[in-house]
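Undergrad: sequence plus predicted model, see below.
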Amino acid sequence: MCGIVGYIGTQPAQSILVSGLEKLEYRGYDSAGVATIVEGNLDCIRAKGKLHNLRDKIEFATNRAPIGIGHTRWATHGKPEEYNAHPHTDTQRRLAVVQNGIIENYRELREELKKQGHEFRSETDTEVIPHLICQCFADGADTLMVAVQQAVHKLSGAFAIAVISADYPDELVLARQQAPLVIGIGEGEYFCASDTPAIVQYTRTILPLENGEMARLTRDGVEVYTFAGEKVNRTPRTITWNPIAVEKQGFRHFMAKEIYEQPAVVRTCLEAYLDLDWTPASSKSPFKLDLPESIYKDLENIQIVACGTSLHAGMVGKYLIEELAQIPTAIQYASEFRYSPPPLVPNTLTIGITQSGETADTLAAVEIEKSRRQNKDPKYHSRLLAVTNRTDSAITRVVDCVIDTHAGMEIGVAATKTFMGQLMAFYFLSLDLAHRRGTITPARLSEIITGLKVLPSQIEVILETQEKYIEELSHSFLDTHDAIFLGRGINFPIALEGALKLKEISYIHAEGYPSGEMKHGPIALLDAKVPVIAITMPGKVYEKAISNAQEAKARDSHLYGVVAASDKDATEIFDKVLPVPDVDELLSPVLTVIPMQLMSYHIAAMRGLDVDQPRNLAKSVTVE
Ligand code: AGP
């Protein structure tokens, strides 16, 4: 949440900062701002709302200052108004600060600083930082680095900050505590950003700051220190991915492009994690997950923590692990787990799922699991696995091992292709566990592997045959205020995911229920104005799910069915059918989620909403 950028070099900073902020807008878009140093003074420009409002206010030709910082905000403390936009300054407007995170003790600091004569102009937590740095100068700090260092010692919370000062026009100071911050190294010019896409067009040489580290960027180089002031030697690394991956490539929205990239995500995961030449006669494992043996040894329990769409992938994962590998698996919202973790049980694998690798709650849940298992009997020691799309992210530094979801950069706030990558991770993990534990026959294993291999072309079939139809259907949702999604068994999480997608981008109230639960209350909501979207795929709960759908139809609901292509009865039961290719029930979530994504996308686009940047949301939720 919130994106920060910084630049020091020889080029005009403003355009570099704004282009960096464009790449970070997925992190928040309530307001934006930039500050530069012009002829010994700060020039700070801020605007409410999306970045184009800021862009319209900047006169790029007249300000050629070669140093600056920028920010795009997701409001935590204080309304999304211009006076709360970053950068924030001290009373004399000599220092400017941008921050990503939350300063938890800002109230006490603010009161203390007010008593010392500092004048506050915003409702934000961040504004204490420039005043605090200014106070550190008043108390004797003799360099910007020292003043910032003294100030960060007084801050509690999770934060990443970038600071410039009109009195130190040739340096940019950074600090990081539990919020991402990466430095970009060019020739005679240096960058910083919350995420690499903001700087990759200028340099591929990067140096991520670690927690508890600060940096001083000048035109001569980068110095990294701990908060305690010890110098740190760090070797930069080169990133290899291509910036073209973060363009829309002819699609109207990133979300549409990302939905269409899903066959490729599945193919990449198949190549990464499966020996494609494996046959049941082979004595070798078909899987290439490359997890340490300590993860598997005497494994008795699994617990999964995640948020939002990642939680839904984990719910499918629980089903797969229990069904295939027969290991009891618990799943909990990371935000609940962190304050009420279950009693410790031995030989437990904890899996944190997060596409961004930054979600504060998921990160905290995994960290808590790590720390509460320290100094215990070895069988209680932590085993931590992250399923993530960002192998350079914060969670990867906490866990023992990682499964990369190989989805590539996802820009749309609504997760689609990263969810697909997460599902793939759980297919391979559950099958790998089942194979090792002997809970699956070679014939069944071979059957599922064969099914996995045809999934990419089956997704393509849905995209090719259904998209136009779903686009037309979306018009019938023009006046819809509420919708219900139903699924049973392994497709219950897909009903939840369908409802979440619809809520977050089309602002239609939607709920997902296990089909069998409807009659215990939610069925009272149904009438002709409430459409029901039911997933009824052949398998062990098919008949039950059909009966539950019919119960909804009997209450006048308009009934949409996500059904198997071969289901000849479907057109009699449902008002509209959304067929997907016939598939093993266990693999069906990979296909049933596609019509859900297309529906929510087209309904939001038809309503003229901002599909990629829905209101109040951000791609990366780095606050509690
Ligand atoms: C998904 O469409 C949502 N935007 C959101 O629920 C998201 O899945 C959640 O915030 C978790 O994010 P993470 O995967 O980066 O941890």
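TA: Received the coordinates, thanks.
Undergrad: assumed Leu276 was part of a helix.
TA: No: assigned with DSSP: H, G, I helix; E, B strand; the rest coil, Leu276 falls outside any helix and is coil.
Undergrad: for this structure, what lies in contact range of the ligand?
TA: Residues of the chain found near the ligand (Cβ under 6 Å from any ligand atom) are 307-310, 354-356, 359, 362, 413-415, 504, 617, 621. Glycine gets a C-beta too; all of them are placed from N, C-alpha and C.
Undergrad: among those residues, which lie within strands?
TA: Thr354 (DSSP state E).
Undergrad: Leu385 and Gly352, how far apart?
TA: Taking Cβ to Cβ, to the nearest Å as the measure, Leu385 falls 8 Å from Gly352.
Undergrad: what residues are shared contacts of those two?
TA: Both Leu385 and Gly352 are contacted by Val399, under the criterion Cβ atoms under 8 Å, 6 or more residues apart in numbering.
Undergrad: neighbour count winner among the two?
TA: Each of Leu385 and Gly352 has its neighbours counted (other Cβ atoms under 10 Å); Gly352 has more, 32 against 24.
Undergrad: which of the residues of the chain next to the ligand has the most neighbours?
TA: Thr354 (33 neighbours).
Undergrad: wait, it touches Ala306, no?
TA: Yes: between Thr354 and Ala306 there is a contact under Cβ atoms under 8 Å: 6.4 Å.
Undergrad: what residues are shared contacts of those two?
TA: Joint contacts of Thr354 and Ala306 (Cβ under 8 Å, 6+ apart) are Thr362.
Undergrad: could you look up the SS state of Gly229?
TA: Quick answer, by three-state DSSP: Gly229 is coil.
Undergrad: for it, grab phi and psi.
TA: Dihedral pair for Gly229: phi 100, psi 0, per degrees, to the nearest 10.
Undergrad: next up, identify which helix or strand the closest residue to it other than its chain neighbours is on.
TA: Distance criterion Cβ to Cβ, 6 or more residues apart in numbering; nearest residue to Gly229, sequence neighbours excluded, is Gln149 at 6.3 Å. When elements are defined using DSSP states H and E, Gln149 is found to belong to helix 144-154.
Undergrad: next structured bit after that helix?
TA: strand 157-165.
Undergrad: and that next one, how far out from the chain middle?
TA: Centre-to-centre, strand 157-165 and its host chain are 22 Å apart (Cα atoms, centre = their mean, to the nearest Å).
Undergrad: same check on stretch 196-205?
TA: That offset, for stretch 196-205, works out to 20 Å (Cα atoms, centre = their mean).
Undergrad: endpoints of it, how far apart?
TA: Length of stretch 196-205, first residue to last, Cα to Cα, to the nearest Å: 10 Å.
Undergrad: taking this structure, what residue is nearest to the ligand?
TA: Taking Cβ to the nearest ligand atom as the measure, the point where the chain comes nearest the ligand is Gly308, at 1.9 Å.
Undergrad: contacting residues around Thr309?
TA: Counting by Cβ under 8 Å, 6+ apart, Thr309 touches Gln355, Ala414, Ala415, Thr418, Phe419, Glu497, Leu500.
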